[in-house]
Every structure is written in structure tokens, then in C-alpha cells.
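**Q** Using only what follows, build the 3D model:
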Amino acid sequence: MKLGLQLGYWGAQPPAGVGELVRAAEESGFDAIFTAEAWGSDAFTPLAWWGRETSRVRLGTSIVQMSGRTPTSIAMHALTLDHLSGGRVVLGMGVSGPQVVEGWYGQPFAKPLARTREVVDIIRQVLAREDKVTNDGPHYPLPYAGEGATGLGKPLKSIVHPLRADIPIWLGAEGPKNVAQTAEIADGWIPIFYTPRSAGMYQPWLDEGFARPGARRTRADFEIAATCHLQIVKDATEKQGVLDFLKPVVALYMGGMGAKDQNFHKQVFERMGHADLADEVQKLYLSGEKERAAALIPDELVDDMHIIGTEGEVRERVAAWEETGVTTLLLSSHSADEIRRIAEVLA
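**A** Model prediction:
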């Protein structure tokens, strides 16, 4: 199992010290660095910036929001960065949610499964560069011939020859149909809130996708990149402090990230067996009682979602994640020293 550094997306200001984290990850043998985007910073620019400081680590997005760019635009970003980095790009994408897609990008959220399939197909056409890019699907028709069209659009082929025709495409997916489609059409999966305890729930969904005619990968060569916080602590008291620190983040995703009646992250917790808890957390969070919502999050849930413990406990927990099929752990970290220590403990 490989290690990736999850840089995430920016808060109110660009984070400080990222250069040190990236250098430590490269020097310590991490396989990749990953960036994200929400509705502020984008995922590609930091990879281009920090990628210049590296020569070995893969440069991944987890995730690019598909509604923020047309499929051909996403492909242009990926092939450009792949050239500049010497073939190190991992293109992670996802549909986001209706609040962001319709509220921030001004695009319809309907039919996320069908839209994903079209996006992936168009990007693969661009990267293969075998013919001019066309698409008959209703979501991203190429050439466009709908309302307001001039009739002058024509199929085009990328001017630039991609460095790699097979840039890995990983998809963020949460529900049964999304996960199955990801196993069918993608090279990897970026789950959210994946844990050893919940891993069994996903296996039939993955197997369904792998069994479909024309599936791109098998379980043997399919990547699963799970995100968690890994922290080595001295004792139970220090561990409790870390658990308490992470509870507000769990509460945010469980109760506050998404509309009341359509919160995909909340649905993940419901499938994990926490439906009653999720309802109460959401009720408190949406009424503004965020601290009370966080206080409801059980230690056991946070402990299951992350890897926190002494050196020996961390080794055991990492092995448990690997046994479920995880090929890459995407880890958040606050200091270069933490990264070096993690690499040393798990070497």
C-alpha cells in the first residue's frame, strides 16, 4: 500500500508551509500529493506550482468537480500538467452535489451517473487522440448543435499530442450505483469515509462493476485511494485530544455539507449504520448548534474513520486498511516532521 499526502483545498487564505510538506513527502518516499477543490481554490493550479518542486511523486486531484469545466477543458488541464510533470498526473474527478453544482457553477445537477460516463468517455477520446472528438450524449454534445448554435461547430482533435494516452482516471463515488459504475469505467476509486469496518458494504458494488461487459479494470489492477487522518500519539490521553479535534469535521459532513433532504455524505453514514445519529446531528447543525452536533459524534466512529494511536497501534491499523483492498492512503498532515515520522514508522 502506498502513501499520499492530501493537501486538500484552501480555507480563507492559502495555507502556510505547504512547500515543506511537499518536500518531506517526496524525500520520505510518499507516492503522491493530492489537492482538492470546493468553491474557492482550484485543484490544478497548486499541483502545477508544487509539482515544480518535485521530480518523483504523482500529482493527483481528489477531486476535480466535473461541472466546473467542460470535459475537453478537464482533458486540456490534465494533458498539459502531465507533460510539464513528466507523466505524473492522476486525474481524480467527482460530481460534487446540487448545492455546489447549481449554486456555484450554475449547471444542472440531474443525471450524475450519465454525465459522469460522458465526461470520462470524452476525456479518454482527447487523450487517445485517435480521431476527432465527438459525443452524441445529451449532456455534453460535441459538436454542439442545440439552441443558439451557429451551425459552425466541427469536431476537433487536440493540437497537443498527449504524453500519455492512459492518464489514470479515478472517480469519487459514494452510492451503490456510482461505485459500481466507477469499477466499470475508471482506473481507481476515491471513497469518502471508507473504513475497515464499512469496507464489506462496498465489495458487492465493486464486484458488480468489474463484472460488467467491457469493464476497464479488474480488482487486481484497480486502485482504491482512501483518505484519513493518521496521527501517532504517546498515550490514550493524547489520542482523546485528537479524536475530539476531529469531531467537528465529522459533524460538518454528516449534518452540514449538503441540503437537508439531499446530503450524499449523510447518506454514507446512514449506510454505515448511523442513521439516527445522522438525523440528530443534522438537526442540530442546521439549526446553528454546531458544538452540540459535534459533541454527539462517538469516539468509536472517529476512531474507525481515522488512524490514531501509538506506533504499534498505527502499524496494526494501517495493515487492517490494506487488507480491505486499499492501495493508497491519502493522509492529511500538519508538519514535515509528522510526515517523516509516519514514513519511518511504516517503512
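**Q** which residues of the protein fall in helices?
**A** 18-27, 44-51, 71-85, 98-103, 112-128, 176-185, 199-210, 236-251, 264-271, 275-286, 290-295, 299-305, 311-323, 336-346 (DSSP state H).
**Q** right, and the ones you listed - which one's nearest W10?
**A** Taking C-beta to C-beta, helix 44-51 is the member of those nearest to W10, at 8.3 Å. The C-beta positions use only the backbone N, C-alpha and C, and glycine is treated the same way.
**Q** How far off centre is that closest one?
**A** Between the mean C-alpha location of helix 44-51 and the chain-wide mean there is a distance of 16 Å, by C-alpha atoms, centre = their mean, to the nearest Å.
**Q** now F44, nearest residue through space, not along the chain?
**A** In this structure, F44 finds its nearest non-sequential neighbour in H77, 4.9 Å apart by C-beta to C-beta, 6 or more residues apart in numbering.
**Q** Quick one: residues contacting that neighbour.
**A** Contacts of H77 were listed using C-beta atoms under 8 Å, 6 or more residues apart in numbering, and they are 44, 64, 69.
**Q** ok, and the most crowded of those residues?
**A** Sorting the contacts of H77 by how many neighbours each has (other C-beta atoms under 10 Å) puts V64 first, at 24 neighbours.
**Q** Just list whatever residues bridge to that residue.
**A** Bridge pairing for V64 (DSSP bridges) gives the partners M93.
**Q** And the pLDDT at it?
**A** As predicted, V64 sits at a pLDDT of 98.
**Q** Also A259?
**A** Taking A259 on its own, its pLDDT is 68.
**Q** wait, which of the contacts of H77 is closest to G288?
**A** Distance ranking of the contacts of H77 against G288, using C-beta to C-beta, places V64 first at 31.8 Å.
**Q** Please verify my assumption that that closest one contacts G92.
**A** Yes: under the contact definition of C-beta atoms under 8 Å, V64 touches G92, with a separation of 6.6 Å.
**Q** Low-confidence stretches in the stretch 201-347 of the chain?
**A** Low-confidence regions of the stretch 201-347 of the chain, defined here as pLDDT under 70, cover residues 258-259.
**Q** Repeat the analysis, applying 90 as the threshold.
**A** 253, 255-274, 286, 333-334, 347 (pLDDT under 90).
**Q** And the stretch 1-150 of the chain, by the same measure?
**A** 97, 99.
**Q** Dihedrals phi and psi, the most centrally placed residue in the chain?
**A** Centroid check for the chain by C-alpha atoms, centre = their mean gives S62 as the closest residue, at 3.3 Å. The phi and psi values for S62, taken as degrees, to the nearest 10, are phi -150, psi 80.
**Q** Brilliant, that's me finished.
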